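1. Have a look at this prediction, sequence included:
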Amino acid sequence: MSTEKEQRLREKLLPEIEEFKAQRSTLQLATQDANGVPNASYAPFALADDGFYILVSELARHGTNLKASNKLSVMLVADESESKSVFARKRLTFDATAEMVARDSETFTKGVAALSARFGEMIDNLAGLTDFNLFKLNPHHGLYVKGFGQAFSLSGAELLDVDWKRDGHHGTPKEPAEKALSEFS
């Protein structure tokens with residue numbers, strides 16, 4: 001059960017995270033091929049009520065990788081020009097699983113509609129090409145970094161449970177929510 005201070009932190013931080021996601025148009029992707037060889041890339045995305053959607057070609061390395069391994073890491077990051085310091089750019093990272101969406105499903109229609117609403121008719125054209133696949137990315141653990149000393153672990157359903165991380169970007173968060181709230185403000 002969360003304390004009142006943890007609840008206040010969550011109420012302040014989650015709207016900021018949602019706004020940050022809405023301001024980004026692309027995701028940075030870290031995928032791996034069938035042999036575990038990593039690849040860094042990016043893809044435009046749309047966020048629907050049930051997750052992130054990307055439409056990628058299997059001719060692209062990350063498209064092939066997502067078919068070979070559904071495990072990936074994702075990052076949304078503030079542009080360098082928006083950041084006070086390149087050493088502490090605001091970012092949201094999360095571990096996820098990619099689910100290839102069947103073309104004849106309601107989920108495919110929903111994902112393509114979300115992408116099309118965001119990026120226009122080009123999405124409809126790409127979705128009609130047989131080498132393009134729609135993937136739904138399902139996050140299961142995340143980290144939101146606002147700046148130096150301001151890293152917040154995200155977990156639970158839809159990454160809605162928030163903990164301030166005082167030990168860097170790994171380990172277990174143990175700092176009281178009161179201190180996090182004072183540094184957040």
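-> Yes, it's here.

2. hey, C-alpha coordinates of the longest strand anywhere in the chain in CSV?
-> Selection of the longest strand in the chain by residue count, based on DSSP state E, yields strand 132-147. Extracted in CSV, the C-alpha atoms of strand 132-147 (Å, rounded to 0.1, in the frame of the first residue of the first chain):
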residue,chain,number,x,y,z
PHE,A,132,5.6,-3.8,-43.1
ASN,A,133,4.5,-5.3,-39.8
LEU,A,134,2.7,-3.7,-36.9
PHE,A,135,4.1,-4.3,-33.5
LYS,A,136,2.5,-3.5,-30.1
LEU,A,137,5.2,-2.8,-27.5
ASN,A,138,4.2,-3.9,-24.0
PRO,A,139,6.3,-2.2,-21.3
HIS,A,140,7.0,-4.1,-18.1
HIS,A,141,9.6,-2.0,-16.2
GLY,A,142,10.7,1.5,-16.8
LEU,A,143,12.9,4.4,-15.6
TYR,A,144,12.1,8.1,-15.9
VAL,A,145,15.1,10.4,-15.5
LYS,A,146,14.4,14.1,-15.0
GLY,A,147,18.0,15.1,-14.4
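
3. Give the partner strands of that strand in its sheet and their orientations.
-> The pairing partners recorded for strand 132-147 under DSSP bridges are strand 51-57 (antiparallel), strand 91-100 (antiparallel), strand 150-155 (antiparallel).

4. For it, what is the distance to the chain centroid?
-> Relative to its parent chain, strand 132-147 has a centroid offset of 3 Å by CA atoms, centre = their mean, to the nearest Å.

5. buried residues in it?
-> 132-139, 142-146 (16 or more other CB atoms under 10 Å). (Glycine included, C-beta is placed from N, CA and C.)

6. Show the contacting residues for the residue lying closest to T107 once chain neighbours are set aside.
-> Excluding its sequence neighbours, the residue lying closest to T107 (CB to CB, 6 or more residues apart in numbering) is V101, at 5.0 Å. Taking CB atoms under 8 Å, 6 or more residues apart in numbering, we find V101 in contact with Y53, T107, F108, G111, N133, L134, F135, K136.

7. Low-confidence ranges, the chain, go.
-> Applying pLDDT under 70 to the chain flags the ranges 1-2, 156-185.

8. Helices along that one, start to end?
-> For the chain, applying DSSP state H gives helices covering 4-23, 61-68, 106-119, 121-127, 177-184.

9. quick one: V37 from D50, how far?
-> 30 Å (CB to CB, to the nearest Å).

10. Counting neighbours around each, name which of these two comes out higher.
-> D50 (13 against 10; other CB atoms under 10 Å).

11. how about the nearest residue to the more buried one, chain neighbours excluded?
-> Among residues not flanking D50 along the chain, K136 sits closest, at 7.2 Å (CB to CB, 6+ apart).
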